[in-house]
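Visitor: coords below, sequence missing:
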């Protein structure tokens, strides 16, 4: 699943889990993983292998593109009463999905006219629990405009802030493995998917599976946003490249054009 360039990172984290569980070698640890009925240590290993580097309003040019370009196109295929669905994966500790919610509230004029569902998913259960707690350091909020920080966050002291309960309740956090077709099968009908800075860690096979699962999750005409160093064109040809003034994104073709 991981790209070969990430071998050192994987090996180091694996050795840490072997030592933490009291095993002397990989073979003993591997047998333990296979036989453990609860799956708790497997999830601990998965959590140890994930990278949760993020902050609020990261690469916010894509959020500007969302409200000014993508959503207006999506409206053309919607009728009043329809739900607009946005998926953030990986959600990490919540900065991205909460940023999406804040951006919609602050910069989208039609926010009162549509119902929006934001689903935020990750494979790391520790990250998901942190996201639900909604407590962030100064580093996480350093790029937020002061008026937004004041409006949506409560200072806790010692450089920490708690995000508003209304925002926490506005996001549905779930655990999912993006390269597992069975797990992603229930994720359907999305209009926009943010999958940023994840695929760079995968090998070619896993990238292709993830791209296909994202494709299946989208409505026809739906969009996917990747990280600035990622390119869907290098992974799969099933998406259409859309070059907007604010950002390059990828679109699932409309059914009649497939």
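Guide: Nice, I can see it. Just so you know, these numbers come straight off a predicted model, no measurement behind them. Residues are numbered from 1 along each chain as shown.

Visitor: quick one: low-confidence ranges for the stretch 151-258 of the chain?
Guide: 256-258 (pLDDT under 70).

Visitor: In three-state terms, how would residue 41 be classified?
Guide: The assignment at residue 41 comes out as helix when based on DSSP: H, G, I helix; E, B strand; the rest coil.

Visitor: Equivalent analysis for residue 177, please.
Guide: Once three-state DSSP is applied, residue 177 turns out coil.

Visitor: I'd assumed residue 183 was in contact with it.
Guide: Yes: the pair residue 177 / residue 183 is scored as a contact, 5.1 Å apart, by CB atoms under 8 Å. To be clear about C-beta, it is placed using only N, CA and C from the backbone, and glycine gets the same treatment.

Visitor: Any chance you could list what contacts stretch 36-43?
Guide: By CB atoms under 8 Å, 6 or more residues apart in numbering, the residues outside stretch 36-43 that reach it are 17, 21, 32-33, 125.

Visitor: Out of those, who's the most crowded?
Guide: Counting neighbours by other CB atoms under 10 Å, the top entry in the contacts of stretch 36-43 is residue 17, with 18 neighbours.

Visitor: which is the next helix or strand following the helix or strand hosting that residue?
Guide: Applying DSSP states H and E as the criterion places residue 17 in helix 7-20. Going down the chain from helix 7-20, the next helix or strand is helix 26-35, by DSSP H and E.

Visitor: What segments of the stretch 51-200 of the chain are strands?
Guide: Secondary structure of the stretch 51-200 of the chain (DSSP state E, counting those that start in this stretch): strands at 83-88, 115-122, 135-137, 153-157, 160-163, 171-175, 190-194.

Visitor: And the residue most central in space within the chain, how close does it get to residue 20?
Guide: Centroid check for the chain by CA atoms, centre = their mean gives residue 89 as the closest residue, at 2.1 Å. Distance of residue 89 to residue 20, given as CB to CB, to the nearest Å: 28 Å.
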